[in-house]
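Peer 1: dropping a prediction and its sequence here:
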Amino acid sequence: MATHDGSDDVSRRSFLRAATGSAVAAGAASSAASAQEGGNQSGGGNQSGGGNQSGGGNQSGGGTGGGGKTWEVVVGPGGDLVFDPAERVIAPGDTVHWTWDSDNHNIAPGSTPEGAEWEGHPEIANTGTEYSHTFETTGTFEYVCQPHASSGMEGSVVVQEGGPETSSGPTGPVVPKNALSLAVGTMGAMLSTLALAYFFIKYGGYEDQE
């Protein structure tokens, strides 16, 4: 006649507790990952409709040149022998507006795209002078301040379709938003399976004894 001791009941209860605990842990991990994914999605982002842009200078919406934007460049800010910013990336039809913040500077074009017409501001000017130009031709327009060229006072305007937005996108592979949820869910399932296997091996081998 087969006999049993209390170990069978203990093993069954232990097995059920382990299985339930593993399933709950996996479910909680997946829920947390899903909640994090949903919380990280923005409904519209931080887009500015004109205002200030980082990277030097201000951008004013509306501008000239058929509704293009106007981008600011400061000439000799605070007496420094630089253009700020040294490079402006804009779209065709946008306007660059230079403002002199110190004396004895000019804007002398260097290398320009073929067919482009831009004379710059060759006259030496002082604080308070303003100059604007609307760029229609794509390419890179380089310029210098002739009195301070030896000091490295030079700048450029890069005209490209899409403007600066085409230069600020992701530079590497884009990871799917559900990647974290998938990884956590997979890990939870693996842990659950290992836990079940462990308790099955440890407690599932009892046999009836005569």
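Peer 2: Looks like it arrived, so ask away. Note that this is a predicted model, so its numbers are computed, not measured.
Peer 1: how about residue 137, what does it touch?
Peer 2: 92, 113, 115, 116, 159 (Cβ atoms under 8 Å, 6 or more residues apart in numbering). Backbone N, C-alpha and C define where each C-beta goes, glycine included.
Peer 1: that's a strand at it, yeah?
Peer 2: No. With DSSP: H, G, I helix; E, B strand; the rest coil as the criterion, residue 137 is assigned coil and is not in a strand.
Peer 1: can you pull out the low-pLDDT segments for this structure?
Peer 2: Counting by pLDDT under 70, the ranges of the chain that qualify are 1-67, 166-182, 184, 197-200, 202-210.
Peer 1: now do the strands in it.
Peer 2: For the chain, the strands defined by DSSP state E occupy 59-60, 70-75, 83-84, 87-90, 95-100, 105-109, 121-125, 130-134, 139-144, 154-159.
Peer 1: now for the ones you listed, which one comes closest to residue 187?
Peer 2: Closest approach to residue 187 among the strands of the chain (Cβ to Cβ): strand 87-90, 42.9 Å.
Peer 1: follow-up on the earlier one: now render the contacts of residue 137 as JSON lines, adding neighbour count.
Peer 2: Listed next are those as JSON lines, based on neighbours: other Cβ atoms under 10 Å:
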{"residue": "92", "neighbour count": "18"}
{"residue": "113", "neighbour count": "13"}
{"residue": "115", "neighbour count": "7"}
{"residue": "116", "neighbour count": "15"}
{"residue": "159", "neighbour count": "22"}
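Peer 1: just put the residues you listed in CSV and tack on distance to residue 127.
Peer 2: Output for these, formatted as CSV (distance: Cβ to Cβ, whole Å):
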residue, distance to residue 127
92, 31
113, 31
115, 34
116, 29
159, 28
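Peer 1: right, and the strands of the chain - which one's nearest residue 201?
Peer 2: Among the strands of the chain, the nearest to residue 201 by Cβ to Cβ is strand 87-90 (63.7 Å).
Peer 1: restrict that closest one to CA atoms and write it as CSV.
Peer 2: What follows is strand 87-90, C-alpha atoms only, in CSV (Å, rounded to 0.1, in the frame of the first residue of the first chain):
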residue,chain,number,x,y,z
GLU,A,87,28.0,79.4,-39.3
ARG,A,88,24.4,79.8,-40.1
VAL,A,89,22.4,77.0,-41.7
ILE,A,90,19.3,78.3,-43.4
